[in-house]
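> No letters, just coordinates:
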């Protein structure tokens, strides 16, 4: 990325420039901060004779640049763009103006990815920009020069822009565009993927319907590495082959075997931040039992599940019995309790036990509380919850009152951990709970009785 003040294009600079040079400027300007609408008007005055005579290809690239800037940062899209720019077609071979594209971006979702094309004969390899829209807008039928199966075309429309642009329909063989298309589909739903996918990466790889990335023929595509400041993402098999053959692969080349890995590389994180609502009704709460009593009381009190299953090891059987006794004393909570034992030092057996229990449940709302237990038990619970699509909660020692962490393994649009904070309480007798002591994690003395827990964490009616 460039440093210092952005160097935006000006009309005089572009008027005489060949389209190939304008295309080079496109790539350079794409990595700059978007040009404010006032600068568009200042640098490209509507009453300038030069603007009227600006070559159509240059006008299209300017409109495409404005489109890509907005894809990268939709929240700060400039308002009041010049009318001539909004009326220009970013992709000249499609009957869609910039105004049309921006409306589809806002209403339907739109993303762009770059993939390389091998040079044929005397032609050098080149980059292509692939655009995907969620929906079927008029004017985009047969807009891609390669065959797509239903998993790409059932709900999305596509268009390709070669770099530099050329007239006619390009001939693109193979399936090396598939990984870029799959990432576009995900970026339409996962907005924080759009910017790096559009600005920072070149994508090449085929992708199966099961989201496995498979090897492609690279040919002379890697010659583009020297001319591109972007990072490259290839199938893991291609990257391994490059290393085995001692090819001078750049440090900016990465390999991925599954689509979720590719998304994590590009986003540079494997967690998706999300806002969750506090669950109003919890049928079953599975809770890992550890040594700290306070959070193992506060979480069930906040969620008020109809059934609480306490998973303990041999070492925490006493704590589980103490928690059970505490809740048995408070019939106003109406919580049914079960105690189950799992090994704390056998990851596979622990996961299998939890997975079988989760799979056999018919409860409409099940949560897993991973605040307690040891690390092995927590890892087993996360694996089982991911496999069965069960949501997890966690009470952090420094969290504000009534706040829990929600952790969800969602498979759509891709397998990522979703995380967010939830705040609330379902407790029917909240005024009787000594929340200050519970949230302070003030521990009872070792070997405390249930009566001592009562005295410490419960306020009795006068």
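Thanks, I have the structure now. Because the structure is predicted, anything quoted here is derived from the model rather than measured. Numbering: from 1, shown residues only.
> Show me where the stretch 201-350 of the chain has its helices.
Under the criterion DSSP state H, counting those that start in this stretch, the stretch 201-350 of the chain contains helices at 236-244, 259-267, 294-303, 317-328, 347-359.
> most packed of the ones you listed?
Greatest average neighbour count among the helices of the stretch 201-350 of the chain goes to helix 294-303 (a mean of 24), per mean count of other Cβ atoms under 10 Å. Backbone N, C-alpha and C define where each C-beta goes, glycine included.
> Could you list every helix and strand in contact with that helix?
strand 284-288, helix 317-328, strand 366-369, helix 435-439, helix 450-457 (3 or more Cβ pairs under 8 Å, 6 or more residues apart in numbering; DSSP states H and E).
> And the contacts of the last one?
Spelled out, that is helix 450-457. Here helix 450-457 makes contact (Cβ atoms under 8 Å, 6 or more residues apart in numbering) with 293-294, 297, 322, 325-326, 329, 433-434, 437-438, 442, 444-445, 448.
> List just the nearest of the residues you listed to residue 87.
Residue 87 has its nearest neighbour among the contacts of helix 450-457 in residue 438, at 62.8 Å by Cβ to Cβ.
> How about the closest one: what's its closest non-neighbour residue?
Of all residues not flanking residue 438 in the chain, residue 298 sits nearest, at 4.2 Å (Cβ to Cβ, 6 or more residues apart in numbering).
> Surely the one you found is in contact with residue 440?
No. The pair residue 298 / residue 440 is not scored as a contact, 10.2 Å apart, by Cβ atoms under 8 Å.
> thinking again about what came up before, kindly state the pLDDT recorded for the residue nearest to residue 438?
At residue 298, the pLDDT value in this model is 95.
> Distance of it relative to residue 405?
13 Å (Cβ to Cβ, to the nearest Å).
> overlap in contacts of those two?
Joint contacts of residue 298 and residue 405 (Cβ under 8 Å, 6+ apart) are residue 395.
> Mind picking the lowest-pLDDT entry from the contacts of helix 450-457?
pLDDT is lowest at residue 442 among those; the value there is 73.
> just checking, it is part of a helix?
No. Under DSSP: H, G, I helix; E, B strand; the rest coil, residue 442 falls outside any helix and is assigned coil.
> give me the number of residues near it?
Number of residues near residue 442 (other Cβ atoms under 10 Å) recorded here: 13.
> residues contacting the residue lying closest to it once chain neighbours are set aside?
Excluding the flanking residues, the one nearest residue 442 by Cβ to Cβ, 6+ apart is residue 294, at 6.4 Å. Counting by Cβ under 8 Å, 6+ apart, residue 294 makes contact with 437, 438, 439, 440, 441, 442, 443, 457.
> Can you give the contact residues for the host helix or strand of residue 22?
Assigned by DSSP states H and E, residue 22 belongs to helix 19-30. Under the criterion Cβ under 8 Å, 6+ apart, residues 2, 7-9, 14, 17, 55, 57-58, 61, 64-65, 68-69, 163-165, 198-199 lie in contact with helix 19-30.
> Okay, and which of these map to strands?
Judged by DSSP state E, strands contain the following of the contacts of helix 19-30: residue 163.
> could you flag which of the contacts of helix 19-30 are buried?
Neighbour-count burial (16 or more other Cβ atoms under 10 Å) is assigned, among these, to 8-9, 14, 17, 57-58, 61, 64-65, 68-69, 163-165, 198-199.
> out of these, who's nearest residue 351?
Set against residue 351, the nearest of these by Cβ to Cβ is residue 198 (39.0 Å).
> and the longest helix anywhere in the chain with helix 19-30, angle?
Determined from DSSP state H, the single longest helix within the chain is helix 56-72. Helix 56-72 and helix 19-30 meet at an angle of 20 degrees, taking axes from the mean of the first three to the mean of the last three Cα atoms, to 10 degrees as the criterion.
> where does helix 56-72 sit relative to the chain's centre, distance-wise?
Relative to the centre of its chain, helix 56-72 is centred 26 Å away, using Cα atoms, centre = their mean, to the nearest Å.
> what's the answer for stretch 237-245, then?
Centroid separation for stretch 237-245 versus its chain: 28 Å, with Cα atoms, centre = their mean.
> neighbours of residue 150, just the number please.
Residue 150 - counted by other Cβ under 10 Å - has 8 other residues nearby.
> quick one, what contacts it?
Taking Cβ under 8 Å, 6+ apart as the test, residue 150 contacts no residue whatsoever.
> hang on, the earlier thing: now, among the contacts of helix 450-457, which is nearest to residue 396?
Of those, the one sitting nearest to residue 396 (Cβ to Cβ) turns out to be residue 294, at 12.6 Å.
> how close does the closest one sit to residue 330?
From residue 294 over to residue 330 (counting by Cβ to Cβ), the distance is 16 Å.
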